[in-house]
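> build me a structure from this.
(chains A and B)
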Protein chains: 2
Amino acid sequence: MASQKPVLYSYFRSSCSWRVRIVLAHKGIEYDYRPINLLKKGQCTQVGDEFKKLNPMGQVPALVIGDKTFTQSLSIMEYLEEVYPQNPLLPKDPILKAKVREVCEVICSGIQPLQQNSSVLQRVGEEKMMEWRHFFINKGFIALEELLSGCSGKYCVGDEVTLADCCLVPQVYNANRFKVDLSQFPVISGIHQALSGLNSVTASHPSAQPDCPPDLK
Amino acid sequence: MASQKPVLYSYFRSSCSWRVRIVLAHKGIEYDYRPINLLKKGQCTQVGDEFKKLNPMGQVPALVIGDKTFTQSLSIMEYLEEVYPQNPLLPKDPILKAKVREVCEVICSGIQPLQQNSSVLQRVGEEKMMEWRHFFINKGFIALEELLSGCSGKYCVGDEVTLADCCLVPQVYNANRFKVDLSQFPVISGIHQALSGLNSVTASHPSAQPDCPPDLK
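The predicted model follows:
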């Protein structure tokens, strides 16, 4: 299984895709990149048709290894952690492991879906969208700042990079993109700064992906 | 660690609390139940004050074992699975394990926060709340029905109860509570029926909790 080259279906600016890209980069797993344009979802492109067969839910990220398709970012990340154990992203201690997953869940269930789910934003409407995003990122970051104050070191949980950091990076990118004032969150900002210099983060950054439009590079 | 009696801070009708209660019941872990009334969050009660010290985020569920507080339902469930290995709720095979976590994530990040997060519903407003809930449960269940069609047996993933089932039960309860037409989802309905008869589900049911008001029993 682990000897087959994975194929990642990704969109350069999808937070959930980026989480998985950080894990792949951190573990030095070589993979093929297949861009799926989320904004042109309805279009019948060759990749689109192929993708629909592999992942009927049509969401990115999807990771294909051999004849198996894996979807949902945290599930993929946990799978990669188990099957490619090099450069581990979960501590061995069960209590610290729970803390890492707690941070992941606060971001992935408590913040990201509320401020990025396209159906939510469509129903909120263009006019109120920015205020809605700000509200939920701010609310989530207040909780996250408190949580991280109790468990962070250089990174989210202690001084080693974990799955929690792979979730934090894209969430802070979104906050910056939507001009949330991050000076209110010194712990989050400090960890993000430490993470920003890592090769696994720069290599997986949206601007470094083949489907990033030239004007956003 | 595992020898100390856990204390669960819970609210009878909180989906996230119920997920954890199913895991505790399934594994036969004895625990003390402390009700936290989410509707009276601002009130200074004895339990409320004690709880705020243990869990500054003020959310349920929170599981306290010795001097450690665990929050976020999936993180707690994974922790219990690791520390109390009896009656396992994750398959050994990494591919099946990924499938279980995929189902959990579709429910816990893709459905539940959008239809039950109190800040979301408050901003949507009383008038549009029911339609909003229906829309997101329906949308999520269409995806979930397709996903489960490919992996379910008697339960969500094969014929053994897993963490995915612990997430499904409270989500179907919500769908019923908000009168979503479940006849559209025969796979979900069939699995839910099989789960409903389990002791771990009846014992952990909202109506069986000490903080359930008599008129809802």
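> could you measure the nearest residue to A:V20 once chain neighbours are set aside against chain B, distance?
Closest residue to A:V20 apart from its sequence neighbours, by Cβ to Cβ, 6 or more residues apart in numbering or on different chains: A:P61 at 4.7 Å. In this view, the C-beta of every residue, glycine as well, is placed from N, C-alpha and C. Distance, A:P61 to chain B, by Cβ to the nearest Cβ, to the nearest Å: 12 Å.
> tell me the contacts of A:P61?
A:8-10, A:14, A:16-17, A:19-21, A:71, A:73, A:76 (Cβ atoms under 8 Å, 6 or more residues apart in numbering or on different chains).
> same thing with A:R34?
With Cβ under 8 Å, 6+ apart, A:R34 has these contacts: A:7-10, A:47, A:51.
> nearest spatial neighbour of it, skipping sequence neighbours?
A:Y9 (5.0 Å).
> doesn't A:A62 make contact with that neighbour?
Yes - under the criterion of Cβ atoms under 8 Å, A:Y9 makes contact with A:A62 at 4.4 Å.
> overlap in contacts of these two?
In contact with both A:Y9 and A:A62: A:51, A:54-55, using Cβ under 8 Å, 6+ apart.
> so which of these comes closest to chain B?
A:N55 (10.2 Å; Cβ to the nearest Cβ).
> just give me the neighbour total for that closest one.
19 (other Cβ atoms under 10 Å in any protein chain shown).
> over to A:Y155?
22.
> per-residue pLDDT of it, please?
As predicted, A:Y155 sits at a pLDDT of 98.
> give me phi/psi at the residue nearest to A:R34?
phi -90, psi 120 (degrees, to the nearest 10).
> who's in contact with A:S204?
A:18, A:21-22, A:24-25.
> returning to that earlier point: contacting residues around the residue nearest to A:R34?
A:34-36, A:51, A:54-55, A:60-64.
> can you check A:I76 too?
By Cβ under 8 Å, 6+ apart, the neighbours of A:I76 are A:20, A:23, A:61, A:63, A:70, B:98.
> narrow those to those in strands?
With DSSP state E as the criterion, strands contain A:63, A:70 from among the contacts of A:I76.
> what is the nearest of the contacts of A:I76 to B:W132?
The closest of the contacts of A:I76 to B:W132 turns out to be A:P61 (Cβ to Cβ; 27.2 Å).
> what's the helix ranked longest in chain A packed up against?
Using DSSP state H to define each element, chain A has its longest helix at helix A:126-151. Under the contact criterion of 3 or more Cβ pairs under 8 Å, 6 or more residues apart in numbering or on different chains; DSSP states H and E, helix A:126-151 touches helix A:94-108, helix A:112-116, helix A:118-124, helix A:163-177, helix A:186-196, helix B:118-124.
> and it, what's its mean pLDDT?
On average, helix A:126-151 scores 93.
> what angle sits between it and helix A:163-177?
140 degrees (axes from the mean of the first three to the mean of the last three Cα atoms, to 10 degrees).
> can you pull the domain assignment for chain A?
A:10-87, A:94-201 (automatic domain parsing).
> just give me how far the shortest one sits from the chain centre.
Going by Cα atoms, centre = their mean, to the nearest Å, the spacing between the C-alpha centre of domain A:10-87 and its chain's C-alpha centre is 11 Å.
> endpoints of it, how far apart?
Using Cα to Cα, to the nearest Å, one end of domain A:10-87 lies 23 Å from the other.
> got the contact list for stretch A:180-200?
A:22, A:25-26, A:134, A:137-138, A:141-142, A:144-145, A:148-149, A:152, A:154-156, A:161, A:165, A:168-169, A:172, A:175-176, A:201-202.
> the residue lying closest to A:Q112 once chain neighbours are set aside: what's it in contact with?
Nearest residue to A:Q112, sequence neighbours excluded (Cβ to Cβ, 6+ apart): A:S15, at 5.7 Å. A:S15 is in contact with A:112, A:116, A:170-171, A:173-174, counting by Cβ under 8 Å, 6+ apart.
> since we're on A:L147, how many residues are nearby?
By other Cβ under 10 Å, neighbour count at A:L147 equals 23.
> hang on, it packs against B:Q59?
No - A:L147 is not in contact with B:Q59 according to Cβ under 8 Å; the separation is 10.9 Å.
> hang on, the earlier thing: closest one of the contacts of A:P61 to chain B?
A:T71 (5.9 Å).
> pretty sure the closest one contacts A:L54?
No - proximity of A:T71 to A:L54 does not meet the contact threshold set by Cβ under 8 Å, at 9.3 Å.
> ends of stretch A:172-182, how far apart?
9 Å.
> whoops, stretch A:177-193 was the one
This stretch, stretch A:177-193, spans 16 Å end to end (Cα to Cα).
> what's the angle from the helix or strand hosting A:S17 to helix A:94-108?
For A:S17, the element it lies in under DSSP states H and E is helix A:15-26. Between helix A:15-26 and helix A:94-108, the angle comes out at 140 degrees (the same axes, to 10 degrees).
> next, the angle from helix A:15-26 to helix A:186-196.
Put simply, helix A:15-26 runs at 50 degrees to helix A:186-196, going by the same axes, to 10 degrees.
> what pLDDT, on average, does helix A:15-26 get?
Helix A:15-26 comes out at a mean pLDDT of 98.
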